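Asker: Provided below are the primary sequence and the corresponding predicted coordinates.
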Amino acid sequence: MNLRPYQELAADFIYEHDRAMVLAPVGAGKTAITLTGMWEMLRDQHVKRFLVLAPKRVCTDVWPVEQPKWAPFLSLAVAVGTPKQRLAGLRSNAQVVVTNYDNIQWLALQKLNFDGIVFDELTRLKNPSGTRFKALLKVMEPMRVRWGLTGSFTSNGLEDVFGQCKIVNQDLLGRSKGAFMQQYFVLLNPEFGEWAPRVGALDKVMQKIKPATYVLEPGEYKDKLPPCHHVEVMCKMDLTPYNKLKKEFVLDTITAVNAGVVTGKLQQLASGFVYDTNSEASDVPGKFTITQMPVWYSPHKFDRLEELLEENQHANTIIAYTYKEELAELKRRFRITTLDDDDAIARWNRGEIQILAVHPKSAGHGLNLQHGGQHMVFLSLPWSLELFEQTVGRIHRSGQRHDVWVYVLMTEKTVDEKIWAALHTKQAVSEIALEALK
């Protein structure tokens, strides 16, 4: 398969830069770009062997599928699963070994022979204080070539940029997170560690990393895709229990211990139920079993979902859920498929699945679902803009032939509206960051 012109430019950029980041929208072909760059580096003997770190499903369902299309002469092994399966991939003669981020600490204990590394979904390494981050730093010195790929660089704020840059190139923003924060942020609340960016900080940071960063111009990409329509679907419920929980932190036998907990329970209640958490003594002395039993108050969202599916003539639809009880209710009402079912991705893309239920954390990165349908419904929203954008990007990506319709179910006068507003605010930060890098 042939790269598009903008993809060729990106592949040239990473070939010419040993330490580089590719910031491109979901579905722009970052895997194809990187496979091309990797093959050229291997062919010209600039790199002997690549390690790829990616989310688990991307390891198993994206890299081995895309590799024959874009780099058929390159050998690739997947090191995922049991220790024996991982070792088999690691000790193979493959030029590229793909494994998931959860294996980093295990990797750090192995004898590695990589001089190149790719971070697919670079935001997974945004926390420089994390154990995985620290373990990786200890074994990365021989990996001279380091490329980071992401479509959501600043989705949750400017602070996340530091860790992503450090793991790729410590010269970009320095080695110390504290020094970075002092330079570009103002400490608002020492007690809670609350910081806010200084005036002009975003532009200064982006200008500093610009030489090592390839940003796909939105105009070059968006005209290759059909439009994506976001539709707010408002639902109504009796707000009496909601307002009681909001005001008193107590509803029937359900108690929220603080404001953070009550926010989560309010989001549950906006979907019609609340988990009642109980602690019971177990058979082991001194230990307790925690159970979460859903208490239902209103079926309003699921009733509206039924109407929406009927309005769309039961077109193939992906439904994104947050809570297990939402999934349970979907199973009670509809014939659904989940990503855990056999060959779910392949069957969806063949148009054989009418309703595919996904959780943003398991379907939020890398999966190609654009061939099976163009409708998506969010029963409830994630707080993370990255997860929201990446989930939508499963169907609004290269290869999609139809307009994409994303329906967001929101209960009027509830926290649903606040989450939706927060996502819009974070999106503004992300867009400004990309603009500064042009």
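Answerer: Alright, I've got the coordinates.
Asker: Would you map the strands across the stretch 101-250 of the chain?
Answerer: Assigned strands in the stretch 101-250 of the chain, in chain order: 116-120, 145-150, 185-189, 194-197, 213-215, 228-235, 250-251 (criterion: DSSP state E, counting those that start in this stretch).
Asker: what packs against the fifth one?
Answerer: Think strand 213-215. Helices and strands touching strand 213-215, by 3 or more CB pairs under 8 Å, 6 or more residues apart in numbering; DSSP states H and E, are helix 5-16, strand 19-23. The C-beta positions use only the backbone N, C-alpha and C, and glycine is treated the same way.
Asker: now the longest one
Answerer: Helices and strands touching strand 228-235, as assessed by 3+ CB pairs under 8 Å, 6+ apart, comprise helix 300-311, strand 404-411.
Asker: Just send those back as TSV, with mean neighbour count, mean pLDDT and distance to T277 too.
Answerer: Output for these, formatted as TSV (neighbours: other CB atoms under 10 Å; pLDDT from 0 to 100; distance: least, CB to CB, whole Å):
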stretch	mean neighbour count	mean pLDDT	distance to T277
helix 300-311	16	91	22
strand 404-411	22	94	22
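Asker: how about the ones you listed, which one is nearest G37?
Answerer: strand 404-411 (28.7 Å; CB to CB).
Asker: outside of the closest one, which residues touch it?
Answerer: Residues from elsewhere that reach strand 404-411 (CB atoms under 8 Å, 6 or more residues apart in numbering): 226-237, 270-271, 300-301, 304-305, 308, 312, 374-381, 392, 395-396, 416-417, 420.
Asker: Please apply the same query to stretch 182-201.
Answerer: L158, E159, M181, K204, V205.
Asker: switch the cut-off to 6 Å
Answerer: Residues from elsewhere that reach stretch 182-201, judged by CB atoms under 6 Å, 6 or more residues apart in numbering: L158.
Asker: Take that stretch, keep the C-alpha atoms, and write them as PDB.
Answerer: Extracted C-alpha coordinates of stretch 182-201, given in PDB (Å, rounded to 0.1, in the frame of the first residue of the first chain):
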ATOM      1  CA  GLN A 182       8.600  26.400  38.400                       C
ATOM      2  CA  GLN A 183       9.400  27.800  34.900                       C
ATOM      3  CA  TYR A 184       6.000  27.400  33.300                       C
ATOM      4  CA  PHE A 185       3.500  27.300  36.100                       C
ATOM      5  CA  VAL A 186       2.300  29.300  39.200                       C
ATOM      6  CA  LEU A 187       1.600  27.500  42.400                       C
ATOM      7  CA  LEU A 188      -1.900  28.500  43.400                       C
ATOM      8  CA  ASN A 189      -2.500  26.200  46.400                       C
ATOM      9  CA  PRO A 190       0.600  24.700  48.100                       C
ATOM     10  CA  GLU A 191      -1.600  22.500  50.400                       C
ATOM     11  CA  PHE A 192      -3.200  20.700  47.500                       C
ATOM     12  CA  GLY A 193      -0.400  21.100  45.000                       C
ATOM     13  CA  GLU A 194      -2.600  23.100  42.600                       C
ATOM     14  CA  TRP A 195      -0.800  24.700  39.700                       C
ATOM     15  CA  ALA A 196      -1.800  26.900  36.800                       C
ATOM     16  CA  PRO A 197       0.100  27.700  33.600                       C
ATOM     17  CA  ARG A 198       1.800  31.100  33.500                       C
ATOM     18  CA  VAL A 199       0.600  33.500  30.800                       C
ATOM     19  CA  GLY A 200       2.100  32.400  27.500                       C
ATOM     20  CA  ALA A 201       3.400  29.200  28.900                       C
END
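Asker: and that stretch, which residues are buried?
Answerer: Buried residues in stretch 182-201, counted by 16 or more other CB atoms under 10 Å: Y184, F185, W195, P197.
Asker: on that earlier part again, can you list the strands of the stretch 101-250 of the chain in CSV and add distance to L9 and mean pLDDT?
Answerer: Listed next are the strands of the stretch 101-250 of the chain as CSV, based on distance: least, CB to CB, whole Å; pLDDT from 0 to 100:
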stretch, distance to L9, mean pLDDT
strand 116-120, 18, 96
strand 145-150, 15, 94
strand 185-189, 34, 87
strand 194-197, 31, 85
strand 213-215, 8, 90
strand 228-235, 24, 90
strand 250-251, 56, 63
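Asker: and L53, helix, strand or coil?
Answerer: strand (DSSP: H, G, I helix; E, B strand; the rest coil).
Asker: Relative to G89, how far out is it?
Answerer: 13 Å (CB to CB, to the nearest Å).
Asker: higher neighbour count, the two?
Answerer: The neighbour comparison of L53 against G89 (other CB atoms under 10 Å) goes to L53, with 27 against 18.
Asker: isn't that one right up against I117?
Answerer: No: taking contacts as CB atoms under 6 Å, L53 lies outside contact range of I117: 7.1 Å.
Asker: Just the pLDDT for Q390.
Answerer: In this prediction, Q390 carries a pLDDT score of 87.
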